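> take this sequence and fold it.
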Amino acid sequence: MRKLLKKTEKKNISMKESLENIINSTSEMIIALDKLNRVEYWNNAAERITGYKKKDVIGRYINKVSCFEKPDTLLELVKKVTGSEKTYSEPAIVITKDYSKKIINISCSPLHEKGDTLGVICVGRDITYDWESHQNLIQGHSYLISDKNHNSILNMFSSIILNETTGLYISRSPYNPFDSQIHHQQIQHCIIGHKSNTKTQMVSNLEDLKERIKEFVSTASKGVILINDIHYFITKYCFKDFINTCYEIIDIISQSESILLLTLNKLIVTEDQFAILESEFEPLPGKNIDDIKMKDELFEIIQYIYEENRKNALVSFKKLMAKFNIVYYTASKRVERLFEDELVFTKKYGKTRIIHLTEKGKSLLQKRKTI
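Next comes the predicted model:
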């Protein structure tokens, strides 16, 4: 019996260590709170993202942790989750230990055991890149988005609303992805389709679409509109009617302080039709970064460093040489070129020199300008 207990105990310890290794190897920050909303667990990604070590936060109330710009909003999110069966999410502004700003989409879920609520588990995903994408958006302008994934678009829209802006989300699906967020009341949801008994507002034709947008911009100060699933109107009406309505909507937006984001899968229109849309709508502006062009071999290095950092892994010259099958001289020359463009910097840890991306290097990844 004693041997069996010892074997079981050893197995449990091994499983616990294995689980902790998994949690610490993820790129998302994971925070566990107890019943009193004190931090019980703070994983490696949380340290990397915020700059605050476990010893800085363990045992502190979540709204007293220094890195959150609006701690009371986060506490409100945690309290909403406590005692419920739902997961709620909210973008949060994080001020890192070196005073840089990041936007983290935090999802909180209740932690239950045998019917009792033990606390709350929070998972945070860094959406700073999506947030940075809208920093150069101009009020009164309409933008066409055809090359971003669905979650990235929603993150960008949500992060704009974070700045206390009113939003209008128009989609084909009755599911509202923003319902689980604290600020969901700032976002109006309108469904594309035939009139129904649902309480949600509907737009069933092009005239409805135009009038709904006109109504929104007349009442919302500096609002933002996201139209998903526009293919409904393109396939239901002829393209001429659709583009004529777009002309009118663009004029409505231009006379307001609102911003319009229109998503489109370019596969559902012809090349000529897409060219017309591109000439009327603006592309999403890039970030504030010099117009740098580089060879694929250099771009692949900064891409590799970024992906490794997301896994909480550091990149040394030895690791770089092994990854790209190059000698030290070649690796050194390539890193030197990236350093000259202020895309990377190196830092020595003991006897090993580690290569890090600068903020400029991270931003360049979004532009993807290679030759």
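
> around Glu248, how many other residues sit close by?
If you count neighbours by other C-beta atoms under 10 Å, Glu248 ends up with 15. From N, CA and C alone the C-beta is placed, and that goes for glycine too.

> right, and the helix or strand after the helix or strand where it lies?
Element membership for Glu248, per DSSP states H and E: helix 239-254. Downstream of helix 239-254, the next assigned helix or strand under DSSP H and E is strand 259-263.

> not counting sequence-adjacent ones, nearest residue to Lys348?
With sequence-adjacent residues excluded and distances taken as C-beta to C-beta, 6 or more residues apart in numbering, Lys348 is closest to Ile354, at 7.5 Å.

> make sure that neighbour is indeed in a strand.
Yes: applying DSSP: H, G, I helix; E, B strand; the rest coil, one finds Ile354 inside a strand.

> ranges for the helices of the stretch 201-350 of the chain?
In the stretch 201-350 of the chain, the helices defined using DSSP state H, counting those that start in this stretch lie at 206-219, 231-236, 239-254, 271-280, 296-310, 317-324, 328-340.

> now the angle from the helix holding Glu248 to strand 259-263?
Per axes from the mean of the first three to the mean of the last three C-alpha atoms, to 10 degrees, the angle that helix 239-254 makes with strand 259-263 is 150 degrees.

> neighbouring contacts of helix 239-254?
Contact with helix 239-254 is made by 140-142, 206-207, 209-210, 213-214, 217, 225, 233-234, 259-260, 269, 273, 276-277, 280-281, as judged by C-beta atoms under 8 Å, 6 or more residues apart in numbering.

> buried only: go through those for me.
Burial by neighbour count, 16 or more other C-beta atoms under 10 Å: within those this picks out 142, 206, 209-210, 213, 217, 225, 233-234, 259-260, 269, 273, 277, 281.

> just checking, Glu69 touches Thr96?
No: with contact defined as C-beta atoms under 8 Å, Glu69 and Thr96 do not form a contacting pair (10.8 Å).

> name the residues of the helix holding Glu248 that come out as buried.
Those would be 239, 242, 245-246, 249-250, 252-253, for helix 239-254 by 16+ other C-beta under 10 Å.

> same check, this time on stretch 45-56
For stretch 45-56, the neighbour count (16+ other C-beta under 10 Å) marks 45-47, 49-52, 56 as buried.

> same question for stretch 74-83.
74-75, 77-78, 80-82.

> now the residues you listed as TSV including secondary structure?
Output for the buried residues of stretch 74-83, formatted as TSV (three-state DSSP):
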residue	secondary structure
Leu74	helix
Leu75	helix
Leu77	helix
Val78	helix
Lys80	helix
Val81	helix
Thr82	coil
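
> could I get the residues you listed as TSV with pLDDT and distance to Lys323?
Formatted as TSV, these follow (pLDDT from 0 to 100; distance: C-beta to C-beta, whole Å):
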residue	pLDDT	distance to Lys323
Leu74	85	38
Leu75	87	43
Leu77	85	40
Val78	87	41
Lys80	83	44
Val81	84	41
Thr82	81	45
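
> can you pull the contacts of the residue lying closest to Asp34 once chain neighbours are set aside?
Spatial nearest neighbour of Asp34, excluding adjacent residues (C-beta to C-beta, 6+ apart): Gly119 at 4.6 Å. Counting by C-beta under 8 Å, 6+ apart, Gly119 touches 32-35, 37, 40, 110-111.

> who wins for most neighbours among the residues you listed?
So for these (other C-beta under 10 Å), the most neighbours sit at Leu33, 22 neighbours.

> is that one bridged to anything, and to what?
Note on Leu33: beta-bridge partners by DSSP bridges are Val39, Val120.
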